[in-house]
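1. The following comprises the amino acid sequence and a computationally predicted model.
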Amino acid sequence: MEAKELRIGNLTECYINGELKNKFHVVDADDIKIFLNNDWYVLKPIPLTEEILLRFGFGKVVSHNSKLYAFDGFSVDANESYCTICYKDIEITKIKFVHSLQNLYFSIKLKDLLCDNI
């Protein structure tokens, strides 16, 4: 994940010695580290999973051998190591992380893709 991919409001995870410690909203996207308890910690992207898609409001579409989800004109096919994103049945891109979906959603809808708790 590169800092230039992040927008203020994106969600990231903080790992300390390989262990997940917390999730943060990006406040300043000049760097992808956070200073906490007198030390610097690296922020890592959150993988896009079925559980997270459901928390964002995507519904599972019944389809033979498919992991297809839909919400607000978007569809996500999560059958591969990445997710294929379509908007109004037109394939846009392939992504792996939550912040990428949030940025894509914002660029099309001009509003944030939010959930209560990840």
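-> Looks like it came in fine.

2. Identify the residues contacting stretch 56-70?
-> 50, 53-54, 71-72, 74-79, 101, 113-115 (C-beta atoms under 8 Å, 6 or more residues apart in numbering). Any C-beta I mention is one placed from the backbone N, CA and C, and that applies to glycine too.

3. Just the buried ones among those residues, please.
-> Among the contacts of stretch 56-70, the ones that count as buried by 16 or more other C-beta atoms under 10 Å are 53, 74-78, 101, 113.

4. just curious, which of those is nearest to Tyr41?
-> Comparing the buried ones among the contacts of stretch 56-70 against Tyr41 with C-beta to C-beta places Leu101 closest, at 23.5 Å.

5. what about that closest one, which SS state?
-> helix (DSSP: H, G, I helix; E, B strand; the rest coil).

6. That one touches Leu113, doesn't it?
-> Yes - taking C-beta atoms under 8 Å as the definition, Leu101 is a contact partner of Leu113 at 6.5 Å.

7. picking that back up, so of the buried ones among the contacts of stretch 56-70, which ones are in helices?
-> With DSSP state H as the criterion, helices contain 53, 101 from among the buried ones among the contacts of stretch 56-70.

8. quick check, nearest of the buried ones among the contacts of stretch 56-70 to Asn17?
-> Within the buried ones among the contacts of stretch 56-70, the smallest distance to Asn17 is 28.2 Å, found for Leu101 (C-beta to C-beta).

9. who's in contact with that closest one?
-> Listed by C-beta under 8 Å, 6+ apart, the contact partners of Leu101 are 48, 56, 76, 83, 85, 95, 113.

10. any chance of the residues you listed in CSV, plus pLDDT, distance to Ser107 and secondary structure?
-> Shown next, in CSV, are those (pLDDT from 0 to 100; distance: C-beta to C-beta, whole Å; DSSP: H, G, I helix; E, B strand; the rest coil):
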residue, pLDDT, distance to Ser107, secondary structure
Leu48, 93, 16, coil
Phe56, 94, 16, coil
Val76, 96, 16, strand
Cys83, 94, 16, strand
Ile85, 97, 12, strand
Ile95, 96, 12, strand
Leu113, 92, 11, coil
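
11. for the residues you listed, which one is nearest Asn10?
-> If you rank the contacts of Leu101 by distance to Asn10 using C-beta to C-beta, Leu113 comes first, at 9.9 Å.
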